[in-house]
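> Pasting the sequence and the predicted coordinates here, then a few questions.
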Amino acid sequence: MRTMSAAQPGPTKGDRTRRRLLDAAAAHLARHGQAGVSLSGIAAEAGLKTGSVYFHFGSKDELIATVLEEGLRESLRHLDTALTPLSGADPGTRLWAAVRAHLDALVELSEYAAVVLTMAEPESGVALAAYRSLKQHYGGQWTELVDDAQQAGVIATGVEPRLVRDLLFGAMNAVADGSGRPGRSAEDCTAAIRALLAGPTPHPDRGDP
């Protein structure tokens, strides 16, 4: 007897409208920051009326919290994509791959990730709990990466891994924030972070020792 699997339903009109609003909000927040949030501006950017924002999200805080959640989910996807093929690799390889994945998300790929970098948490919002849970999970993965790299002698020991992680985030976010300079890429930023933590590596074009 032949069975047929049910086709997966596509996004509804409401789903598509919600996505348009999220994309517009991410772009708006990345440009104007939290102080410049305008729900009417976000709605106009999405080609919708302001009432659509309240219908789908209920409040400004809920919209911002959802954008933050989406941005962090994207960062997690990049981290998982980078690390899954490297499950048996040495701790240094995994750490530098994670640095590159984080910078890719910030420098090259997403306004959502840029919002995560620059925005403070809103005071409320249903999505805020999900964002905080994801943030804790993401931070935990990085703490483990740093701890493994310290134990392997890849980076200096003697400093608590969570502090190194926080300093690493600060450095990554700082170089990514200036990535608009001509010639600066995620690869350049990764090399700079690596030099700070582990010392410079030979440059293939210069034949450095």
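Thanks, I have the structure now. These numbers come from a predicted model, not from an experiment.
> Tell me which helix or strand in the protein has the weakest average pLDDT.
Least confident helix or strand of the chain, by mean pLDDT, DSSP states H and E, is helix 111-118 with a mean of 78.
> which strands and helices sit next to the helix or strand containing Ala174?
Using DSSP states H and E, Ala174 sits in helix 161-177. Counting contacts by 3 or more CB pairs under 8 Å, 6 or more residues apart in numbering; DSSP states H and E, helix 161-177 packs against helix 91-103, helix 111-118, helix 126-151, helix 186-198. All C-beta atoms are positioned from the backbone trio N, CA, C, and that covers glycine.
> Redo these as CSV? Include mean neighbour count and distance to Thr12.
Putting the helices and strands packed on helix 161-177 into CSV (neighbours: other CB atoms under 10 Å; distance: least, CB to CB, whole Å) gives the following:
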stretch, mean neighbour count, distance to Thr12
helix 91-103, 22, 32
helix 111-118, 21, 22
helix 126-151, 17, 19
helix 186-198, 18, 35
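> gap between Leu117 and Ala89?
Leu117 sits 27 Å away from Ala89, taking CB to CB, to the nearest Å as the criterion.
> Next: Pro122.
38 Å.
> mind listing what the spatially closest residue to Ala105 that is not a sequence neighbour touches?
Nearest non-adjacent residue to Ala105, counting by CB to CB, 6 or more residues apart in numbering: Ala113, 4.2 Å away. Residues in contact with Ala113, defined by CB atoms under 8 Å, 6 or more residues apart in numbering, are Gly71, Glu74, Ser75, Ala105, Leu106.
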